[in-house]
Every structure is written in C-alpha cells, then in structure tokens.
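Participant: Using only what follows, build the 3D model:
(chains A and B)
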Amino acid sequence: MDIFVGSLPFKLKEKELKELFEKFGEVTSAKIVKSKSTRQNKGFGFVDMPNEEEVRKAIFELNGFEIMGRNLEVSISEKKDKSKAKTTKAPKLNSQGKLFVKEGYRPFKGNDKRGNR
DNA sequence: GCTGAGCGG
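Facilitator: This is a model prediction of the structure:
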C-alpha cells in the first residue's frame, strides 16, 4: 500500500520517516521526493506498507502528527494512474511490442576514457 | 540558500 506523506519538514529524512511509520507497523520502504537537480526536498514523500490495517492506523495516527513544528499530512497515495486499474498485471512489452532489453545493458554510456590500444 | 502545494522510480 502506498501512502502519501505531505507537510514533511525539509529537515526530515527518509530514515526518520520510515521509523515514524515503523512505530505503527511494518514499513517496507520510505521515500522522499526531491528535485531533479538541486536535490531540494519538495516536502512530501511516500511510505510503503504491506499491512493495510497498519496503514490505516499509521495514517490515522500520523495524519496531523506534529513534528519539528509542522503537522504531517498522511493519506493514500494516488499516483497518476494511466488507466489500468483492473488487475495487478502490467504489460512488459514495449510500445512496439518487441523487447531487446538485455540484462546489464547500459542505456547510455560512452565514457571510454580508457584510450585502449 | 530559499519554500509549503504537491503524488514518486
């Protein structure tokens, strides 16, 4: 279950966030969204919890939890879903239907500073 | 370096 956490203090860290949710239940992973380049904390993150009941409890308790002088906003994460919400199955094929993705293949590289030969 | 709605990979 993905949980959306907002109003997060900019000084808060994913580790602390995970610990906060771990107090209410098992936390699979905690992530905080940041900018693409400036690494600036956007102020909101996501927490993944396997147990739904613990999720509700965590949301119920952490929703409005005051920390560092800020109140946390916890709710169910609703990422922009494309439209597929019928089954847990996801297409592994490309747009063309062909996949030539190899394991260990690097999408972009070319840093061959090694002037071989 | 900041800021305060927002849904990330």
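Participant: Leaving out chain neighbours, which residue sits closest to A:Val47?
Facilitator: Residue nearest to A:Val47 in three dimensions, not counting chain neighbours: A:Ile3, with 4.4 Å by C-beta to C-beta, 6 or more residues apart in numbering. Using the backbone N, CA and C atoms, a C-beta is placed for each residue, glycine as well.
Participant: Could you give me the buried positions within the helix ranked longest in chain A?
Facilitator: Assignment by DSSP state H gives helix A:52-62 as the longest helix of chain A. For helix A:52-62, burial by neighbour count (16 or more other C-beta atoms under 10 Å) applies to A:54-56, A:58-59, A:62.
Participant: Between the residues you listed, which sits nearest DNA strand B?
Facilitator: A:Ile59 (11.3 Å; C-beta to the nearest atom of the strand).
Participant: Okay, and the residue lying closest to that closest one once chain neighbours are set aside sits in which element?
Facilitator: Spatial nearest neighbour of A:Ile59, chain neighbours left out: A:Val74 (4.6 Å); criterion: C-beta to C-beta, 6+ apart. In this structure, A:Val74 sits in strand A:73-76 according to DSSP states H and E.
Participant: ok, back up a step: now the buried residues of helix A:52-62 as a markdown table including pLDDT and distance to A:Gln40?
Facilitator: A markdown table is the format used below for those (pLDDT from 0 to 100; distance: C-beta to C-beta, whole Å):
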| residue | pLDDT | distance to A:Gln40 |
| --- | --- | --- |
| A:Glu54 | 91 | 31 |
| A:Val55 | 90 | 28 |
| A:Arg56 | 88 | 31 |
| A:Ala58 | 91 | 26 |
| A:Ile59 | 90 | 26 |
| A:Leu62 | 91 | 23 |
